[in-house]
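S.K.: from the sequence below, what's the structure:
(chains A and B)
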Amino acid sequence: MKARVVVTLKPGVLDPQGKAIEGALGSLGVKGVASVRQGKVFDVELSAGDSAEARASLEAACQKLLANTVIENYSIDI
Amino acid sequence: MNCAVLVFPGSNREGDMARALKAATGRAPAMLWHDDHQLPDDTDLVVLPGGFSYGDYLRCGAIAGRSAIMDAIRAHAKRGGLVLGVCNGFQILCESGLLPGVLMRNANLRFVCRMQHLKVERADTAFTGRYKQGQTIKVAIAHGEGNYEAADAEIERLEGEGLVAFRYCDLDGRVGGEANPNGSRNDIAGIYSPARNVLGLMPHPENLIDPLVGGVDGLGLFESLAAASAA
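M.R.: Here you go, the predicted model:
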């Protein structure tokens, strides 16, 4: 079973990397970019038998390691 | 004082830390590997040195903060044992939950490596007894992720309970503004746990212990620890 976990900064947390990318896009002449926020994607393969089990494993993975919930949100897509 | 320095894959300041501890205590610290499961008996102080544990993969300090030895350090801190985390060690303490908040990318996106002045917020802790309250000290900084951030309520709690240990200032002791190298909230350079037996700070006091390299202001922290432990 394959899953994708996306970790993003919570709204309101300053993202200097996103800001730098936003500025670079502007200087490359890419039009219409209002703002950029950078996050992380994890593609995970699971041996779980069903999606409920997989979701429980990924929930634990996010809480314990993949996301720092002080500043980050995560979403799980199975 | 019995000291133990933890070494993770990618730590690189453990030698400097061992030298500073030896200068202040007269004894070389035990060097522990991250997958040890326990601290030597009668350890007084555990130190997490600077570096790039696990290559800063995922987030700075995230993987080291969950290594086998951390349970022993948590138990040591709970007993009232002393814990010091410098630079990457501070990041590890935050990731492990021993200290609140998180160290984010420097606001100006630059790795900063220079001398830095700090204001000592209080001189009544095991880490700062040899300093004076409000004293300005000169130490070194070298980090790309030192921008301390926490929820508003957490910052209020740290301030209200007097848990800010050091703030970034200039030569004359003026806190903040241009003197803040990384955008850290309230110019915070280091914080204590509620019982003030755990200290995390971004700057490197262990690098300012010899006049040959520009000053000895960092030695006071290690001498404070030695004095507190002997008391």
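S.K.: what residues does chain B put near chain A?
M.R.: Residues of chain B that fall close to chain A, judged by C-beta under 8 Å from any C-beta of the partner chain: B:58-59, B:62-63, B:66, B:95, B:100-102, B:104-109, B:149-151, B:183. All C-beta spots, glycine's among them, are computed from the backbone N, C-alpha and C.
S.K.: let's see 6 Å
M.R.: B:Arg59, B:Val102, B:Arg105, B:Ala107, B:Leu109 (C-beta under 6 Å from any C-beta of the partner chain).
S.K.: ok, B:Leu48 - contacts?
M.R.: Contacts for B:Leu48 (C-beta atoms under 6 Å, 6 or more residues apart in numbering or on different chains) come out as B:Leu6, B:Gly85, B:Gly89, B:Ile92.
S.K.: and the first one, what is it in contact with?
M.R.: If I follow you right, that is B:Leu6. Here B:Leu6 is in contact with B:Leu32, B:Leu48 (C-beta under 6 Å, 6+ apart).
S.K.: do that again at 7 Å, thanks
M.R.: B:Leu32, B:His34, B:Val46, B:Val47, B:Leu48, B:Ile69 (C-beta atoms under 7 Å, 6 or more residues apart in numbering or on different chains).
S.K.: how far out from the middle of the chain is the lowest-mean-pLDDT helix or strand in chain A?
M.R.: Within chain A, no helix or strand scores below helix A:16-27, which has a mean of 92 by mean pLDDT, DSSP states H and E. Chain-centre distance of helix A:16-27: 18 Å, with C-alpha atoms, centre = their mean, to the nearest Å.
S.K.: so that helix, near chain B or not?
M.R.: Yes. On the criterion C-beta under 7 Å from any C-beta of the partner chain, helix A:16-27 is in touch with chain B at A:Pro16, A:Gln17, A:Ala20.
S.K.: now, of those, which are buried?
M.R.: Among the residues of helix A:16-27 next to chain B, those classed as buried by 16 or more other C-beta atoms under 10 Å in any protein chain shown are A:Pro16.
S.K.: the helices in chain B, which residues?
M.R.: B:14-25, B:70-78, B:88-96, B:152-160, B:219-230 (DSSP state H).
S.K.: now do the fourth one: distance to the chain's middle.
M.R.: The reference is to helix B:152-160. Helix B:152-160 has its C-alpha centroid displaced from the chain centroid by 19 Å (C-alpha atoms, centre = their mean).
S.K.: in it, what's buried?
M.R.: So helix B:152-160, judged by 16+ other C-beta under 10 Å, has buried residues B:Ile155, B:Leu158.
S.K.: how about the residue nearest the centre of chain A, secondary structure?
M.R.: The centroid of chain A falls nearest to A:Val7 when counting by C-alpha atoms, centre = their mean (2.2 Å). The assignment at A:Val7 comes out as strand when based on DSSP: H, G, I helix; E, B strand; the rest coil.
S.K.: where does the most far-flung residue of chain A relative to its centre land on pLDDT?
M.R.: Within chain A, the residue lying farthest from the chain centre (C-alpha atoms, centre = their mean) is A:Gly29, at 26.4 Å. pLDDT for A:Gly29: 95.
S.K.: next: B:Ala68.
M.R.: Looking at B:Ala68, the pLDDT reads 89.
S.K.: how about the residues of chain A by chain B?
M.R.: Counting by C-beta under 7 Å from any C-beta, chain A sits next to chain B at A:Leu14, A:Pro16, A:Gln17, A:Ala20, A:Leu65, A:Asn68, A:Val70, A:Ile71.
S.K.: farthest-separated two in these?
M.R.: A:Ala20 and A:Leu65 (26.3 Å; C-beta to C-beta).
S.K.: picking that back up, which pair in the contacts of B:Leu6 spans the largest distance?
M.R.: Spatially, the most separated pair among the contacts of B:Leu6 is B:His34 and B:Val47, at 13.3 Å (C-beta to C-beta).
S.K.: what separation is there between B:Gly81 and B:Asn2?
M.R.: 10 Å (C-beta to C-beta, to the nearest Å).
S.K.: actually A:Gly23, not the one I wrote
M.R.: 51 Å.
S.K.: the more surrounded of these two?
M.R.: Shown here are A:Gly23 and B:Asn2; by other C-beta atoms under 10 Å in any protein chain shown, B:Asn2 has more neighbours (16 against 12).
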